[in-house]
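> Show me how the following folds:
(chains A, B and C)
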Amino acid sequence: YSSFVLGSRVVFAESRAELRPDPRFDAINVVSLAVEDDGDNTVEVCVLIRGNNDKSQGRRNLDGVIGCSVDVFPEERDLLNHLIDALCSIDPDILVGWEIQLGSLGFLAERAAYLGIGLLKRISRTLPHESKHPPKNLAHESSQVPEASPADDVIMDVSENDWSHTHASGVHVGGRIVLNLWRLMRGEVKLNNYSLEAVADEVLRRKVPLVPNKTLNRWFATGPGRGRHRCIEYVSSRAMLNLEIINQLDLVNRTSELARVFGIDFFSVLSRGSQFRVESMLLRLAHTQNYLAISPGNQQVASQPAMECMPLVMEPESAFYSDPVLVLDFQSLYPSMIIAYNLCYSTCLGKVFPSKSSVLGVSSYSADPHTIADLKNQLILTPNGVLYVQPEVRKGVVPRLLEEILSTRIMVKQAMKKLAPSQKVLQKILNARQLALKLIANVTYGYTAAGFSGRMPCAELADSIVQCGRRTLETAISFVNQHPLWNARVVYGDTDSMFVLLKGRSREEAFRIGKEIASLVTASNPDPVTLKFEKVYHPCFLLTKKRYVGYSYENPEQNEPIFDAKGIETVRRDTCPAVAKMLERSLRIMFEEQDLVKVKSYVERQWTRILSGKVSIQDFIFAKEVRLGTYSARASSLPPAAIVATKAMLSDPRAEPRYAERVPYVVIHGEPGARLVDMVINPYGLLEVGSPYRLNELYYITKQIIPALQRVFGLLGVNLNKWFNEMPRPTRSTLAKRQSALGHGSRDSSSIRLGWNKKPSAKVARIDTYYMSSHCTICGDTVQGSEIFCSHCLKNEAVVATVVAGRTSKLEREIQHLAAVCGHCGGADWI
DNA sequence: TTTTGTGCCTAG
DNA sequence: TCAGCTAGGCACAAAA
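Numbering: from 1, shown residues only, chains lettered A, B, ... in the order given. As a prediction, the model looks like this:
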C-alpha cells in the first residue's frame, strides 16, 4: 500500500473528418499520463507526442507551462515503446481511464497491436503464461522476440467478451487493477449522462470544456507553438480530471474499506455482485460453527418451489393532504426479522403442510416427527407455515451474522461520534465502514431469494422473511388505526413503512404523536425490531403506489421544509428536464401558496415560452440507457434512444454506445401520424446550421408535460388539457420579421417537416437568426448595436483567436465549439 | 377502443 | 464461468 500509485491516461489520436478515431487507421498523436503517488499525494504529468525530430523545440515551447515532462517521438512505435517503459518503471497498482474500451488504454492496446506491439502483455506485472497453445512458428524462429507476435494480445485482451465487456471493461493487465471510470460513476452519482464533463460538473463543481477530436486535430496540426500546446494542455487536463474525481469521491479508500469489511479483494468489490460479498462473510462465520454450505446445481436452483409471499404495498388513498402526514418505517426490517425469529438455513424444520414432501428449498429435508414432538415448546411458526427452532435450541448462522453486523455498525457509529472534528480521515473511513455494514445487512435477504443465479437460495426461508415482515407491518398498521386517542389513519404503506394521516392536528401535535407511535410499536415487537419516526409531510400528495411528494419536516424546530419526492417525474431520468422542472415548480407553488390560480399562471407562462421557442434545448433532451443486442426481436422497433444510437453507428461504427450508456435524443416534427421512433434525432442535429428539424413543442407539452402535471393536479379536479387549449397562443411575429428582413423568410419551408402541428405556419428557428439578436452569441448577455459577441467574450483570447482563424462560412459551425472554450460563460453549455 | 408486451426506471 | 430480490408506474406500439 505504501507504494501505491495511480496512473491515468488520455489518448488523442488522429481521426478522419467527423469520425471517431479508429486504431486501424488513425495514429496516436498525444498520450498523457497523470501519475499520483499515494505516499505524498503528488501528481506528475508525462506527455508523449508524435512529432518531428526537433525535440528541443518541443521542449522549449512546453516546458514549465503546465509543470509536466514532454517527450517527442518521430515514430509512433517509439512513442509506444517509451510509454511501455515509462509504465513499467512507474509501476502503478491501478490504471484508470475515463473510457477504457474504445478510448484510453483500450485504444492504445488496439493501436499497439496493429503496429505489432503487445502493449498489455508488456505492462503486465505477471510473467508471461506458459501458453497452452504456443504459436507454432515460435519453435522454428527462436530469434523472435516475444512482442513480435502480438496478435493474441488483441484477441485475448481486447476481445468482445459479453460479461466483462458489459460489466467491467474487457481490458485486463496482469497484476494491475484497471478501472473504467465512467462505468464506476454510474454507481456513484445519479446523472442524465456520464460524460466526463457532466461528472466533473457534478462531483468537482467545475465546468470543463469538451473539444471535439476534429478541433484537437486542427490545433495539433499547427505544429510546435500555441495551437499544439493547447491541444496537449487539454489532453493533460483530462487525465488529471480522472484523478481529481477519484480523489474527490474518495473512491480508493472507500473501496478498500468495503474490501476489508467483506473480506474480499479490492477489484472484486467493484466487479463482483452482492452474492460474493454475502458468501464471503457468511461462509467465514459458518465454518467457525462447523457448517458447510451446500452447492446446488443450476437445475436444482431452477426447480426449487416457487416463492409465494409478497411484501405489503397498500393502495394509497390518492389525494392532496393539507393535514400533517407522519412517515414511520421499520429500521432494517428484514435483518430484524431474521434475528428476531431466528430464521436461517440451519434452523429451518420445513413446512408444516408441505405440498411436496421432503422438499426444502433446493434440497430435500424432512424433520423427524419425534424430534418435532420433543421440541414442541421451543419452535417458531412463521406466517407462511414454516417451522424454525428457537435460538435456545440452536442459534442460526444468518441471524448470528446479522446480529454481529448490526451491533458492529452501532459500535462504529458511536466511535465516529467520539472523534475530534480534526480527524477527518478516520471519520471518512469509519463512515465508509458503517455504510458497508448497512449494505451487507440489506442484501442478505436477497441472497436467500436469489432465483436466477443463486448459489444457495431457499424459497421457504425467503418467504418466511417476507411474510414475517408483512405481518409486522400489518399489525402495526391496525394498531395505529385502532388506537382510541390518536384519531389517526394509515393512508399508505410499502413493505416497511407507514404513512399516518392526522386530520386536523398541528405539526407540533403530529411530532408528539409520531414519537408515541414509534415507541409503542417498537415496544410491542421482539428485539431488535424498531419502528422509526422519520418525518412529517405537511402538506403532501399521495399519487399511486411508490409515487408521492411532500414538504417534509424532520423535527419540530425545523422551519424550512424540504421538497421530498419519490417515484415521480422530478426524480426520474426517463423524462426530460423540462417536465421535471415544471412539475417541481408547480408543486412548490401549490405547497407554498395552496392556490391553483398561481399554478395555472405559472404553467401558462411556461407553455408560452415553449411555443415561442424561447427555451433551452437542453431542457428537452431525453437520455436513456441503451443495451444494444438485448432487444426483443418480436418488438416492432427499437426504443428511441437505440434508434438514435444505431443511426450514428451507420456513419461511424466507433460511435457504438457502450453497454448501458445513456444516449441522448430530442423529439422533432415528423410526418403526420408518424411514430415517435420516426421523430427522434441526436440533439446536435437540431443545432446544425440549416437544420431542417424543429423541436416538436406539441409532443413535449401534450405527451410529456400535461400528463405528468395532470396526475398530480387532477387530484384537485383540474383539467390541464383544458387549461392548455384555452390558453392564448403566442405568435412568432418577432422572429418572423427578423427572418424576412434577412431574406430568409421561407427558403427552407419546403423542407420543414410537420407532425402534430397541422398548420404549416411556423418558421424555421435557426442559429443564424440569432446573429440579429441583441444578445451575445456565446453567453447570451446583452450586446451593443450589431456586435455578435459581448465584451466579456471578446476579451477571451481563445474565443477571438478561433473566430478570426476560421473563415466566415465556417464560423457558424465553430460556434458550437466556441461555447465550450469560452471562459466567461462557463463553457460546456449549449448556445 | 381495449388489451398485451416491451422497455425503462424507481421504491423498498 | 461470471449475475441479490419483487412490486409497480408509465410510454409506446401492435394485436385483439
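> where does residue A:10 land on pLDDT?
If you check residue A:10, the pLDDT there is 65.
> In chain A, which strand is the longest?
When chain A is parsed with DSSP state E, its longest strand is strand A:531-544.
> Next up, phi/psi of the residue of chain A positioned farthest from its centre, please.
Ranked by distance from the centre of chain A (Cα atoms, centre = their mean), the top residue is residue A:370, with 55.2 Å. Main-chain dihedrals, residue A:370, degrees, to the nearest 10: phi -70, psi -40.
> Tell me the pLDDT of it.
87.
> Quickly check: stretch A:498-510 near DNA strand C or not.
No - residues of stretch A:498-510 are not located near DNA strand C by Cβ under 7 Å from any atom of the strand, the shortest gap being 14.9 Å. C-beta here means a position set from N, CA and C on the backbone, and glycine is covered the same way.
> Figure out how far that stretch is from the centre of its chain.
Mean C-alpha position of stretch A:498-510 versus that of the full chain (Cα atoms, centre = their mean, to the nearest Å) differs by 36 Å.
> ditto for stretch A:204-214
Distance, stretch centre to chain centre, for stretch A:204-214: 19 Å (Cα atoms, centre = their mean).
> coming back round to it: how about the longest strand of chain A and DNA strand C, touching?
Yes - Strand A:531-544 comes into contact with DNA strand C (Cβ under 7 Å from any atom of the strand), by way of A:543-544.
> Tell me the strands beside the helix or strand that that strand is followed by, with direction?
Per DSSP states H and E, the first helix or strand lying C-terminal to strand A:531-544 is strand A:547-553. Strand A:547-553 has the following strand partners under DSSP bridges: strand A:531-544 (antiparallel), strand A:562-566 (antiparallel).
> and strand A:547-553, C-alpha only, in PDB?
Provided in PDB are the C-alpha atoms of strand A:547-553 (Å, rounded to 0.1, in the frame of the first residue of the first chain):
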ATOM      1  CA  ARG A 547     -45.200   7.700  -6.000                       C
ATOM      2  CA  TYR A 548     -45.700  10.600  -3.600                       C
ATOM      3  CA  VAL A 549     -44.300  14.000  -2.900                       C
ATOM      4  CA  GLY A 550     -44.500  16.400   0.100                       C
ATOM      5  CA  TYR A 551     -42.900  19.200   2.100                       C
ATOM      6  CA  SER A 552     -41.100  17.300   4.800                       C
ATOM      7  CA  TYR A 553     -40.100  18.300   8.400                       C
END
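> In space, what's closest to the residue nearest the centre of chain A - neighbours in sequence excluded?
Central residue of chain A (Cα atoms, centre = their mean): residue A:186, 3.1 Å from the mean position. Excluding the flanking residues, the one nearest residue A:186 by Cβ to Cβ, 6 or more residues apart in numbering is residue A:194, at 6.1 Å.
> Against DNA strand B, how distant is that neighbour?
Look at residue A:194 and DNA strand B: by Cβ to the nearest atom of the strand, to the nearest Å, they are 11 Å apart.
> So what's the residue count around residue A:30?
23 (other Cβ atoms under 10 Å).
> That one touches residue A:12, doesn't it?
Yes - between residue A:30 and residue A:12 there is a contact at 4.4 Å, judged by Cβ atoms under 8 Å.
> on that earlier part again, dump the strands paired with strand A:547-553 to CSV, plus mean pLDDT.
Shown next, in CSV, are the strands paired with strand A:547-553 (pLDDT from 0 to 100):
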stretch, mean pLDDT
strand A:531-544, 94
strand A:562-566, 93
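> Dump those strands to TSV, plus mean neighbour count.
Converted to TSV, the strands paired with strand A:547-553 look like this (neighbours: other Cβ atoms under 10 Å):
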stretch	mean neighbour count
strand A:531-544	22
strand A:562-566	15
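> what helix or strand is the residue of the stretch 701-831 of chain A found nearest DNA strand C on?
For the stretch 701-831 of chain A, the residue closest to DNA strand C is residue A:707, as judged by Cβ to the nearest atom of the strand, at 3.7 Å. Secondary structure from DSSP H and E places residue A:707 in helix A:706-713.
> Contacts made by that helix with the rest, please.
A:541, A:543, A:549, A:568-569, A:575, A:579, A:582-583, A:586-587, A:590, A:596, A:599, A:603, A:718-721, A:724 (Cβ atoms under 8 Å, 6 or more residues apart in numbering).
> Which ones among these map onto helices?
In helices, defined here by DSSP state H, the members of the contacts of helix A:706-713 are A:579, A:582-583, A:586-587, A:590, A:596, A:599, A:603, A:720-721, A:724.
> closest to residue A:244 among these?
Among the ones in helices among the contacts of helix A:706-713, residue A:579 lies closest to residue A:244 (Cβ to Cβ), at 32.7 Å.
> Can you give me the pLDDT of the closest one?
Residue A:579 carries a pLDDT value of 93.
> I'd guessed it sits against residue A:699; true?
No - between residue A:579 and residue A:699 there is no contact, the gap being 11.7 Å when judged by Cβ under 8 Å.
> How many residues are close by the residue of the stretch 501-650 of chain A found nearest DNA strand C?
Closest contact between the stretch 501-650 of chain A and DNA strand C, by Cβ to the nearest atom of the strand, is at residue A:636 (3.1 Å). Counted with other Cβ under 10 Å, the neighbours of residue A:636 add up to 7.
> mind checking which helix or strand it is in?
Assigned by DSSP H and E, residue A:636 falls outside every helix and strand.
> show me the residues around it that make contact.
By Cβ under 8 Å, 6+ apart, the contact list for residue A:636 is empty.
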